[in-house]
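1. give me coordinates for this.
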Amino acid sequence: MSFQRFAFDTCPRCYEPIELATIEPSPARRDLVLHNFTCADCGSVKTKVLSLKPGEPLPEPAAYRSCRSDRVRPLFAKDDTPTIILLVEDSPGDIRLTLEAFGEANRSVRLYVAEDGAEAMAFLRREGDNADAPRPELILLDLNMPKMDGREVLALIESDESLKLIPTVILTTSAAEADFVECYQRQANCYLTKPVELDVFENLVKGLNDFWATNARLPQLAFVA
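-> Numbering: from 1, shown residues only. Alright, predicted model coming up:
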């Protein structure tokens, strides 16, 4: 049995890495094992459930410790020179998948999350509580969001001299021709449709990392006012 996907997770509130705290059998079903995680930053608690096969014993904590040293690592880089990416996405599930996929692919990525277009523009313009926000070197932008959608965000980025140098990749569920034509007209650098299959999504994010965060030369704007 592989315990790696149960040895670590991401906080649903602050999206920082969280570590496995306890393992216990389910009080309701003998074939289920509860994995309880606690976030050291905000105190949130999360539980993941593992289903045991008939006759399979309860996992030993040592099985998790043996893989945790390799698997538990920051999804937000602590390096002095990280690649800073802004993810603009309103789906909690897609946020989590993207965070975990980048955590697997590249520990030097520092990923910030805006959950709607208005929040993204406040981050990019360093408004309000975002006065000290870093300038991202890449933007991953969803289209269909509340308050301000990705099309509006893309138009504002295109019209802003201080922002339009930042490469912007559209990452959306929309396969409508009108959407990708409009996005390319608005100078989007790439248009990608989110796959439904988890492994295909993970491979897509790995491809994004390989090209944009590893091989492409990005504008070094992180510390430019």
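2. list phi and psi for Ser51.
-> Main-chain torsions, Ser51, degrees, to the nearest 10: phi -90, psi 120.
3. please enumerate the strands of the protein.
-> Listed in chain order, the strands of the chain (DSSP state E) span 8-10, 17-25, 32-38, 45-51, 83-88, 109-114, 138-141, 168-172, 190-193.
4. identify whichever of those lies nearest to Glu161.
-> Among the strands of the chain, strand 168-172 comes nearest to Glu161, with 14.9 Å by Cβ to Cβ. Any C-beta I mention is one placed from the backbone N, CA and C, and that applies to glycine too.
5. partner strands of the closest one, parallel or antiparallel?
-> Pairing partners of strand 168-172, with direction, according to DSSP bridges: strand 138-141 (parallel), strand 190-193 (parallel).
6. out of these, deepest packed?
-> strand 138-141 (a mean of 25; mean count of other Cβ atoms under 10 Å).
7. end-to-end on stretch 157-169?
-> 12 Å (Cα to Cα, to the nearest Å).
8. centre of the chain to that stretch, how far?
-> Here the centre of stretch 157-169 is set off from its chain's centre by 21 Å, with Cα atoms, centre = their mean, to the nearest Å.
9. that older thread, TSV for the strands of the chain, including mean pLDDT and distance to Ala101?
-> Shown next, in TSV, are the strands of the chain (pLDDT from 0 to 100; distance: least, Cβ to Cβ, whole Å):
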stretch	mean pLDDT	distance to Ala101
strand 8-10	66	11
strand 17-25	77	14
strand 32-38	80	19
strand 45-51	77	17
strand 83-88	88	11
strand 109-114	86	10
strand 138-141	94	11
strand 168-172	93	12
strand 190-193	93	13
